[in-house]
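Trainee: Mind looking at a prediction? Sequence and model below.
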Amino acid sequence: MEMHQVRYFLAVARVLNFTRAADECNVTQPSLTRAIKQLEAELGGDLFRRERPAAQLTELGQRMHPLLKQCYEAATGARELASSFKSGEVGALRIALTHSVDLSLLIPHLDQIKRMFNRLEFRFLRGNAREVAEYLKKGEAELGIAAEISEEWDRLDTWPLFTENFQLVVNKNHPLASRDTIDFGDLRAEQLLSRNYCEHAARVNSSLREHGLDVDRSHEIASERDLIELLEANIGIAVVPDTASIPPTLQRASVEGLDARRTVNLYGVAGRERTAVASAVMRMLRGANWQQFIDRNGTP
């Protein structure tokens with residue numbers, strides 16, 4: 001079955017006249033008639049009763065009409081969408097982020113990219129570092145953002161975006177919130193909330209353990225949202241990166257001697273063609289001023 005056969009059939013069904021339908025389709029009547037006969041042969045029966053002055057749909061034609069119309073509209077829509085993607089009128093962004101990367105970092109760039117395309121579709125994927133690597137491998141995401149992907153894959157391109165420190169975060173009603181200086185001795189009696197979903201959780205915990213904190217007794221948290229809720233409930237304290245968003249009910253504080261930092265990277269797949277949207281976003285992220293986000297969330 002050819003789409004031009006379906007188009008001719010729909011034209012005749014609409015005007016119920018072979019000559020007028022041929023004019024609408026810009027073909028000769030013999031060509032239109034021949035195409036419809038081929039379609040009838042494929043479907044196993046007549047689609048029209050060829051009467052004068054008007055053609056009439058047969059029972060088979062009536063039953064096939066909605067199906068063929070849907071088929072033709074779907075094919076037309078697919079061609080239009082493909083053309084829009086090729087011309088850059090429509091874009092799709094598929095990006096994977098680890099759980100520890102705050103989406104607010106991308107908002108200014110997403111707002112800017114929206115103005116570059118008439119229609120833009122976003123698809124955000126979340127996972128741990130291994131899952132982000134899998135999204136990239138399978139082509140489910142074009143770009144990935146993570147603090148570290150330890151996957152050894154020679155096609156994984158890496159571009160460092162920024163390096164940030166970790167800070168203590170406590171409830172504003174917590175006694176430590178009013179302290180001018182905090183050292184590790186002040187933290188030993190506190191309940192620690194461990195961000196085990198962060199790629200650098202093991203390194204941060206190791207650093208805390210070296211300073212005498214009982215990390216093994218910490219509450220293991222599975223998401224940033226859960227961490228915020230527990231901090232707001234004053235159930236514990238946490239060490240988070242500079243760019244992590246926190247509500248006004250919480251407060252950041254520096255801990256003397258805390259030397260923990262991470263580098264957040266942009267990842268792509270070498271040798272794989274990228275969409276216009278992904279290429280534009282990659283250029284934006286690599287050229288962005290990330291210091292503004294780090295300074296915005298700095299300690300008071």
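Mentor: Yep, that arrived.
Trainee: So which residues of the stretch 101-250 of the chain form strands?
Mentor: Assigned strands in the stretch 101-250 of the chain, in chain order: 119-127, 143-146, 156-171, 192-195, 219-221, 237-241, 250-253 (criterion: DSSP state E, counting those that start in this stretch).
Trainee: can I get these in CSV with mean neighbour count, distance to residue 108 and mean pLDDT?
Mentor: Where you see a C-beta, it was placed from the backbone N, CA and C, and this is true even at glycine. Formatted as CSV, the strands of the stretch 101-250 of the chain follow (neighbours: other Cβ atoms under 10 Å; distance: least, Cβ to Cβ, whole Å; pLDDT from 0 to 100):
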stretch, mean neighbour count, distance to residue 108, mean pLDDT
strand 119-127, 14, 14, 87
strand 143-146, 26, 15, 94
strand 156-171, 18, 14, 92
strand 192-195, 22, 25, 92
strand 219-221, 16, 28, 92
strand 237-241, 24, 18, 93
strand 250-253, 19, 22, 92
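Trainee: Which stretch among those approaches residue 50 most closely?
Mentor: Residue 50 lies closest to strand 119-127 among the strands of the stretch 101-250 of the chain, at 43.8 Å (Cβ to Cβ).
Trainee: Restrict that closest one to CA atoms and write it as CSV.
Mentor: Extracted in CSV, the C-alpha atoms of strand 119-127 (Å, rounded to 0.1, in the frame of the first residue of the first chain):
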residue,chain,number,x,y,z
ARG,A,119,8.7,23.7,20.0
LEU,A,120,10.9,21.9,22.5
GLU,A,121,10.4,18.7,24.3
PHE,A,122,12.3,17.9,27.5
ARG,A,123,13.0,14.5,28.9
PHE,A,124,14.9,14.3,32.2
LEU,A,125,16.2,11.0,33.5
ARG,A,126,17.5,10.4,37.0
GLY,A,127,19.7,7.7,38.4
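Trainee: Who are the packing partners of it?
Mentor: Applying 3 or more Cβ pairs under 8 Å, 6 or more residues apart in numbering; DSSP states H and E, one finds that strand 119-127 contacts strand 90-98, helix 107-114, helix 129-138.
Trainee: Check which helices and strands the longest one is in contact with.
Mentor: Using 3+ Cβ pairs under 8 Å, 6+ apart, the elements in contact with helix 129-138 are strand 90-98, strand 119-127, strand 143-146, strand 261-269.
Trainee: Which neighbouring elements make contact with the third one?
Mentor: In terms of contacts (3+ Cβ pairs under 8 Å, 6+ apart), strand 143-146 is packed against strand 90-98, helix 129-138, strand 261-269, helix 276-286.
Trainee: re earlier: same list, the strands of the stretch 101-250 of the chain, but as TSV with distance to residue 206 please.
Mentor: Listed next are the strands of the stretch 101-250 of the chain as TSV, based on distance: least, Cβ to Cβ, whole Å:
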stretch	distance to residue 206
strand 119-127	23
strand 143-146	20
strand 156-171	12
strand 192-195	12
strand 219-221	15
strand 237-241	12
strand 250-253	21
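Trainee: do you know which of these lies nearest residue 101?
Mentor: With Cβ to Cβ, the closest approach to residue 101 among the strands of the stretch 101-250 of the chain belongs to strand 143-146: 5.2 Å.
Trainee: Could you list the residues in contact with that closest one?
Mentor: Strand 143-146 has contacts (Cβ atoms under 8 Å, 6 or more residues apart in numbering) with 93-98, 101, 106, 129, 132-133, 135-136, 161, 199, 264-268, 278, 281-282, 285.
Trainee: in its sheet, what does that strand sit against?
Mentor: strand 90-98 (parallel), strand 261-269 (antiparallel) (DSSP bridges).
Trainee: so how far is that strand from its chain's centroid?
Mentor: The gap between where strand 143-146 is centred and where its chain is centred comes out at 10 Å by Cα atoms, centre = their mean, to the nearest Å.
Trainee: Can you tell me how far the closest residue to residue 203 other than its chain neighbours is from residue 184?
Mentor: Nearest residue to residue 203 in three dimensions, chain neighbours excluded: residue 260, at 6.8 Å (Cβ to Cβ, 6 or more residues apart in numbering). As judged by Cβ to Cβ, to the nearest Å, residue 260 and residue 184 stand 12 Å apart.
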